[in-house]
Structure formats: C-alpha cells, structure tokens
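J.: structure, please.
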Amino acid sequence: MTSAKYDVLGIGNAIFDVLVQTDEGFLARHGMTKGGMALIDGARAAAIYRDMGPATEMSGGSGANTIVGLSSFGARAAFIGKVKNDQIGGLYIHDIRAAGVAYETKAAEAGPATGCSYILVTPDGERTMNTYLGAAQDLNPSDIDEAQIAASRIVYLEGYLWDPKNAKEAFVKAATIAHQAGRQVALTLSDSFCVDRYRDEFLDLMRKGTVDLVFANEAELHSLYQTSDFDGALQQLRSDAKLGVVTRSEKGCVVAAKDAITLAPAFPIQKLVDTTGAGDLFAAGFLFGLVRDASHEMCGRLGALAAAEVIQHIGARPQVSLKELAGQNGLTV
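T.: Numbers count the residues shown, from 1 in each chain. Coordinates of the predicted model:
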C-alpha cells in the first residue's frame with residue numbers, strides 16, 4: 001500500500017449554515033421537531049428565512065465540519081461536496097480552502113442553488129435544522145476523484161448524503177476505490193431521522209463491510225436497532241461493525257471494537273451555547289487520533305475536546321486551533 005497523501009477525505013453535503021438563537025415558540029409556529037433535521041424545499045426555506053431575524057451565516061455541512069476540524073488538528077484533509085457557481089457557492093469554496101482543506105469538486109453551472117441549512121438554536125443549546133440541499137444533492141459518481149480517494153488513509157462519509165440516489169452511488173464508488181487501495185471507510189449516521197429512513201441500508205453497509213467504522217450518538221444507535229436497551233444495541237453494533245463509536249453527550253463516549261469496549265469521558269465545559277457540530281467535531285478528534293495511531297481512549301478524548309470547543313460558541317466550526325488546544329490539555333499524539 002502506497003503512503004497516503006491525505007489523512008482523511010470527507011464526502012458530504014456542501015451546505016451554507018444560517019444560524020439564529022430563538023425560542024420554542026418559533027419551532028412550534030413553524031411545525032418543527034426540536035433537535036432534528038428536516039429536508040425542506042426552496043419555498044419553505046424562504047419562509048423560514050423571512051421569519052428568522054438577524055442570523056449568523058457561515059459555511060457548514062456535517063462532513064465538511066469534520067474535515068475542517070481535522071485540518072485544525074493538523075491533519076492533511078480533503079473534501080468532496082457539490083455547490084453551485086453562485087455567490088454562496090463562491091463563499092463556501094473560499095471558506096473550506098482557507099481552512100487548509102483540499103477541495104477540487106467542480107461547481108455546478110446550472111440547476112438548484114447552493115444548499116443552505118436554517119438552524120434554530122433554543123436557549124438550552126439544542127439545535128433544530130431545516131436543510132435545503134440544493135446543489136449538494138447533485139453530487140454524482142463523476143465527482144469522485146479516483147486518485148484522490150486512493151490517496152486518502154480514511155474516507156469519511158456523511159449519512160445525510162444517503163438521501164439523493166446519485167450521491168449514494170458516488171459513495172459506494174468511493175468506498176470500493178478506497179478498499180481496493182487498502183484504505184478504511186468511515187460512516188457517520190448523522191441523525192436518528194436519517195437512520196429511520198435508511199435503517200436497513202445502513203445495516204447492510206456495515207454487515208457487507210462497505211464501511212469499517214461507524215459513528216453514532218445514543219439516539220441514532222437506538223433507532224438503528226429499534227431498541228431502548230443501550231447495552232443490547234451496543235452488542236449488536238459490535239457484531240455488525242468492525243469498529244463502532246457511540247457518543248453520549250456529558251457521559252462521554254463508548255468505543256466498541258470486536259475485542260474490547262473502551263470508555264472515554266466528556267471534556268468539561270463552562271457554558272453550553274449551541275450543540276450544532278458537536279458530533280461532527282467529535283468525529284474530527286477521533287479520526288485525528290486514529291490516523292496518528294493513538295489508543296481508542298485517546299481518540300475518544302481528542303473527540304471530546306473538539307466537541308467541547310464547538311458547543312461553547314455559535315456555529316459548527318472551531319474558533320481556535322484544535323492542535324494548540326490539544327497541546328494545552330496534554331493530548332498530543
């Protein structure tokens with residue numbers, strides 16, 4: 001196996017985030033399920049935006065947030081995701097490249113606008129997302145750069161990308177190329193509603209070995225196995241996946257390997273502001289530890305550190321160097 005040009009390459013929805021702090025009444029007025037992610041059309045996107053009030057706008061997308069986090073740790077990172085050649089698309093490309101991420105996906109000249117996610121953050125820090133996929137859903141197999149995939153130690157897939165048919169095909173193509181090159185493939189389940197839609201397909205990806213590593217939070221794990229029994233679901237995950245990582249908010253995380261279960265604690269925070277990006281940044285820290293051949297416990301601690309940084313401010317991307325933050329907390333690998 002040749003040495004890798006990139007530590008991690010992410011494939012996901014290239015989405016521009018529009019965040020606003022609001023109250024439960026706003027969610028009720030718009031018929032939103034608190035804490036979830038709903039896919040919306042252009043008309044609903046416009047209606048929500050009109051009613052939102054002053055917002056913070058920045059590049060996002062779950063997989064891209066993870067990849068930007070990896071770059072902040074000092075990893076060599078790349079991303080594949082589709083934007084349109086429009087104003088927001090231009091901002092998106094600038095932001096991800098400015099974060100030190102290799103990004104070469106060709107912008108669409110026609111079709112829907114660059115995707116946007118309208119994120120409502122309630123006073124308890126919980127985030128509720130309404131996502132207009134736009135150009136992101138037009139990612140297709142021809143956007144997968146074979147040489148780039150083969151040169152990446154880990155290929156990381158965002159579960160949200162499993163909604164559009166061509167994006168699914170793009171992912172399976174990438175996973176096949178990665179395995180032929182002796183690389184690893186990771187999947188984040190993204191959202192319990194996403195798992196509800198594609199439970200059997202996600203299980204199939206795990207059982208057939210299309211993915212090697214699975215990230216989930218507690219809600220996603222319970223949804224995957226349709227049980228409220230955490231320990232029972234964890235045992236099923238161990239039998240289905242080569243490696244499973246389950247985050248449990250303030251309880252830390254559980255790393256489920258075939259031969260052992262490892263626990264890592266959550267990182268202390270001063271104030272919870274916005275949970276947007278917590279899982280994305282946890283995955284960044286964990287994957288960074290993994291490509292540096294750290295122990296599973298250390299991987300979990302790095303994930304917890306990155307998640308703690310991002311939930312203490314608005315937005316899903318780190319505001320400080322995660323590499324420096326890890327050093328300050330004795331988590332060097």
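J.: what is the end-to-end distance of stretch 155-170?
T.: 12 Å (Cα to Cα, to the nearest Å).
J.: could you list the buried residues of it?
T.: Neighbour counts over stretch 155-170 (16 or more other Cβ atoms under 10 Å) mark 155-164, 167-168, 170 as buried. The way it works is simple: take the backbone N, C-alpha and C, and place the C-beta from them, glycine included.
J.: take these and write them to JSON lines, including pLDDT and secondary structure.
T.: Below are the buried residues of stretch 155-170 laid out as JSON lines (pLDDT from 0 to 100; DSSP: H, G, I helix; E, B strand; the rest coil):
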{"residue": "Val155", "pLDDT": "98", "secondary structure": "strand"}
{"residue": "Tyr156", "pLDDT": "98", "secondary structure": "strand"}
{"residue": "Leu157", "pLDDT": "97", "secondary structure": "strand"}
{"residue": "Glu158", "pLDDT": "96", "secondary structure": "strand"}
{"residue": "Gly159", "pLDDT": "94", "secondary structure": "helix"}
{"residue": "Tyr160", "pLDDT": "90", "secondary structure": "helix"}
{"residue": "Leu161", "pLDDT": "88", "secondary structure": "helix"}
{"residue": "Trp162", "pLDDT": "91", "secondary structure": "helix"}
{"residue": "Asp163", "pLDDT": "85", "secondary structure": "coil"}
{"residue": "Pro164", "pLDDT": "85", "secondary structure": "coil"}
{"residue": "Ala167", "pLDDT": "91", "secondary structure": "helix"}
{"residue": "Lys168", "pLDDT": "92", "secondary structure": "helix"}
{"residue": "Ala170", "pLDDT": "95", "secondary structure": "helix"}
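J.: now, which of the residues you listed sits nearest Ala308?
T.: Nearest to Ala308 out of those is Tyr156 (Cβ to Cβ; 20.8 Å).
J.: run through the bridge partners of the closest one.
T.: Note on Tyr156: beta-bridge partners by DSSP bridges are Gly10, Ala186.
J.: shaky segments in this structure?
T.: Within the chain, the segments meeting pLDDT under 70 span 1-2.
J.: tell me where it has helices.
T.: 24-29, 42-52, 62-73, 87-98, 146-150, 165-180, 192-207, 218-225, 230-240, 278-291, 296-310, 322-328 (DSSP state H).
J.: by contact count, what packs against the fourth one?
T.: The contact analysis (3 or more Cβ pairs under 8 Å, 6 or more residues apart in numbering; DSSP states H and E) places helix 87-98 against strand 15-21, strand 56-60, helix 62-73, strand 102-103.
J.: picking up where we left off before, okay, the helices of the chain, which one's buried deepest?
T.: Highest mean neighbour count of the helices of the chain: helix 62-73, a mean of 30 (counted as mean count of other Cβ atoms under 10 Å).
J.: just the angle between that one and helix 278-291, please?
T.: Put simply, helix 62-73 runs at 50 degrees to helix 278-291, going by axes from the mean of the first three to the mean of the last three Cα atoms, to 10 degrees.
J.: and helix 62-73, C-alpha only, in PDB?
T.: What follows is helix 62-73, C-alpha atoms only, in PDB (Å, rounded to 0.1, in the frame of the first residue of the first chain):
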ATOM      1  CA  SER A  62     -21.800  17.900   8.600                       C
ATOM      2  CA  GLY A  63     -19.000  16.100   6.800                       C
ATOM      3  CA  ALA A  64     -17.200  19.300   5.900                       C
ATOM      4  CA  ASN A  65     -17.300  20.500   9.500                       C
ATOM      5  CA  THR A  66     -15.500  17.200  10.500                       C
ATOM      6  CA  ILE A  67     -12.900  17.800   7.800                       C
ATOM      7  CA  VAL A  68     -12.300  21.400   8.800                       C
ATOM      8  CA  GLY A  69     -11.900  20.100  12.400                       C
ATOM      9  CA  LEU A  70      -9.300  17.600  11.200                       C
ATOM     10  CA  SER A  71      -7.400  20.300   9.400                       C
ATOM     11  CA  SER A  72      -7.400  22.400  12.600                       C
ATOM     12  CA  PHE A  73      -5.800  19.500  14.400                       C
END
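J.: closest to Ala178 out of the buried residues of stretch 155-170?
T.: When the buried residues of stretch 155-170 are compared for distance to Ala178 (Cβ to Cβ), Val155 wins out at 4.4 Å.
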